[in-house]
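**Student:** Whatever this is, show me its structure:
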Amino acid sequence: VQLQASGGGSVQAGGSLRLSCAASGRTFSGYTMGWFRQAPGKDREFVGRINCCNSGITYYADSVKGRFTISRDNAKNTVYLQMNSLKPEDTAVYYCAARLNSQYDYWGKGTLVTVSS
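**Tutor:** Predicted coordinates for the structure are as follows:
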């Protein structure tokens with residue numbers, strides 16, 4: 001699976017952005033898709049995930065819960081990260097990743113999100 005994230009940019013605090021992650025391959029629906037981010041000088045952290053197989057089940061880090069929403073369109077091999085009420089601390093490079101089992105085996109190149117106060 002090859003992944004390509006897009007949609008990053010600069011936004012003021014309180015604004016919104018939607019990131020997309022396009023995947024290659026015909027078995028996209030079978031992958032659990034995750035979003036991660038890495039802020040300057042910090043470790044990469046989990047943002048959220050959406051489970052495979054049309055389950056619709058999502059999990060979010062506490063820091064983004066209620067503000068971020070993950071969805072997927074299996075027909076388009078794409079997963080989305082809708083980010084609302086953005087804060088300066090959301091500034092980071094955002095990555096999408098895919099897994100079949102317990103570890104994320106496939107990673108896309110990141111897309112930069114900058115939130116100014």
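**Student:** CA atoms only for the strand or helix carrying residue 5, dumped as PDB, please.
**Tutor:** Residue 5 is part of strand 3-6 when elements are defined by DSSP states H and E. Only the C-alpha atoms of strand 3-6 are listed here, as PDB (Å, rounded to 0.1, in the frame of the first residue of the first chain):
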ATOM      1  CA  LEU A   3      -0.100   6.400   0.900                       C
ATOM      2  CA  GLN A   4      -0.100  10.100   0.000                       C
ATOM      3  CA  ALA A   5      -1.300  12.700   2.400                       C
ATOM      4  CA  SER A   6      -2.400  16.200   1.300                       C
END
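**Student:** Which residues are in contact with the most centrally placed residue in the chain?
**Tutor:** Centroid-nearest residue in the chain, with C-alpha atoms, centre = their mean: residue 35, separated by 3.1 Å. The neighbourhood of residue 35, defined by C-beta atoms under 8 Å, 6 or more residues apart in numbering, consists of 19, 21, 47, 48, 49, 70, 79, 81, 94, 95, 96, 97. All C-beta spots, glycine's among them, are computed from the backbone N, C-alpha and C.
**Student:** One more pass at 7 Å, please.
**Tutor:** By C-beta atoms under 7 Å, 6 or more residues apart in numbering, the contact list for residue 35 reads 47, 48, 70, 81, 94, 96.
**Student:** Could you look up the SS state of the second one?
**Tutor:** Right, residue 48. In three-state terms, and counting by DSSP: H, G, I helix; E, B strand; the rest coil, residue 48 is strand.
**Student:** Count residues in the vicinity of the closest residue to it other than its chain neighbours, would you?
**Tutor:** Nearest non-adjacent residue to residue 48, counting by C-beta to C-beta, 6 or more residues apart in numbering: residue 60, 4.1 Å away. Applying other C-beta atoms under 10 Å, we find 18 residues neighbouring residue 60.
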